[in-house]
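> Curious how this folds, go ahead:
(one chain, ligands or ions: 1)
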Amino acid sequence: MSLSAADSSLQRGTPQSGQASVTAGLLRRVAGHYPTGVVLVTGPRPAPGQPPPAMVVGTFTSVSLHPALVGFLPAKSSTTWPRIRAAGRFCVNVLGADQQQVCRRFAAADPHRWEVPHRETATGSPLLLDALAWFDCEVAGEAEAGDHWFVTGTVRDLGTGRPGPPLVFLRGGYGHCAEDTDAARSGRPAGPD
Ligand SMILES: Cc1cc2nc3c(=O)[nH]c(=O)nc-3n(C[C@H](O)[C@H](O)[C@H](O)COP(=O)(O)O)c2cc1C
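All right, here's what the predicted structure looks like:
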């Protein structure tokens, strides 16, 4: 899938409207037209010999600069989030377009998921060596948001990795976006500090 692919269910310039009831299925389908990046949120190993908790997340967002906060929304039904919450720390790994298989392995709870090259951050969460960027965080807050939690994390350490396009999730499928921005063309870093 490419982001330039046309969606046959929508005519250009004539957005559909007037649906009578907002069902979960309709909300999921319409919200799927908004592209998100894909991150892997990891937490420290709960005990020696046990695998670290990790979950694929599309709701990651930057929240605040002062203080430095990021956030994401784990479902209340998630079995992974309580394990990360218990540790009070997590690392956000931004996945690249070529890490679709890594993403699928973690989303499917593949027993070989941790064969992907990684190291531990200073706070003990796994950092994928091929992540495009990462944020090592302490849990700052957790607010109820319907059937999800809105979790914020104080960024304790962060960095960028190899260059390349990010993995994107759109309309139920994976894709990538071309970096055709003013900043990419001029070689300038994007945005103010
Ligand atoms: C592209 C993509 C994005 C996802 N985004 C979220 C998310 O933002 N929040 C969430 O709770 N689960 C999200 N999931 C589902 C989780 O990765 C996971 O499957 C779910 O939490 C159930 O697993 P668990 O019970 O082991 O936590 C996403 C899955 C995919 C494939």
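
> Find the centremost residue of this protein, please.
Central residue of the chain (C-alpha atoms, centre = their mean): Val39, 2.8 Å from the mean position.

> residues from the protein in reach of the ligand?
38, 55-59, 72-75, 78-80, 107, 169 (C-beta under 6 Å from any ligand atom). Glycine gets a C-beta too; all of them are placed from N, C-alpha and C.

> again, only using 8 Å
Those residues of the chain that sit near the ligand, judged by C-beta under 8 Å from any ligand atom, are 36, 38, 55-60, 72-75, 77-81, 103-104, 106-107, 109, 148, 169, 174.

> which non-adjacent residue is nearest Trp114?
Ranked by C-beta to C-beta, 6 or more residues apart in numbering and with sequence neighbours excluded, the top spatial neighbour of Trp114 is Pro51, at 6.0 Å.

> tally of neighbours for that neighbour?
12 (other C-beta atoms under 10 Å).

> next one: Ala47
Considering only other C-beta under 10 Å, Ala47 is surrounded by 6 other residues.

> now swap in Thr79 and tell me
10.

> Buried residues of stretch 155-172, list them for me.
Residues Val155, Gly161, Pro166, Leu167, Val168, Phe169, Leu170, Arg171 are the ones in stretch 155-172 that count as buried (16 or more other C-beta atoms under 10 Å).

> scratch that, stretch 102-117
Buried residues in stretch 102-117 (16+ other C-beta under 10 Å): Val102, Cys103, Arg105, Phe106, Arg113, Val116.

> Now render those residues as a markdown table, adding pLDDT and secondary structure.
Converted to a markdown table, those look like this (pLDDT from 0 to 100; DSSP: H, G, I helix; E, B strand; the rest coil):
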| residue | pLDDT | secondary structure |
| --- | --- | --- |
| Val102 | 97 | helix |
| Cys103 | 97 | helix |
| Arg105 | 96 | helix |
| Phe106 | 97 | helix |
| Arg113 | 94 | helix |
| Val116 | 96 | coil |
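
> which one of the residues you listed is nearest Ala47?
Nearest to Ala47 among the buried residues of stretch 102-117: Arg113, at 18.0 Å, using C-beta to C-beta.

> Skipping adjacent residues, who's closest to that closest one in space?
Nearest one to Arg113, counting by C-beta to C-beta, 6+ apart, is Arg105 at 4.7 Å.

> what's the span of stretch 34-52, first residue to last?
30 Å (C-alpha to C-alpha, to the nearest Å).

> picking up where we left off before, how about the secondary structure of the residue nearest to Trp114?
Here Pro51 is recorded as coil under DSSP: H, G, I helix; E, B strand; the rest coil.

> just checking, it touches His118?
No: using C-beta atoms under 8 Å, Pro51 makes no contact with His118, being 11.6 Å away.
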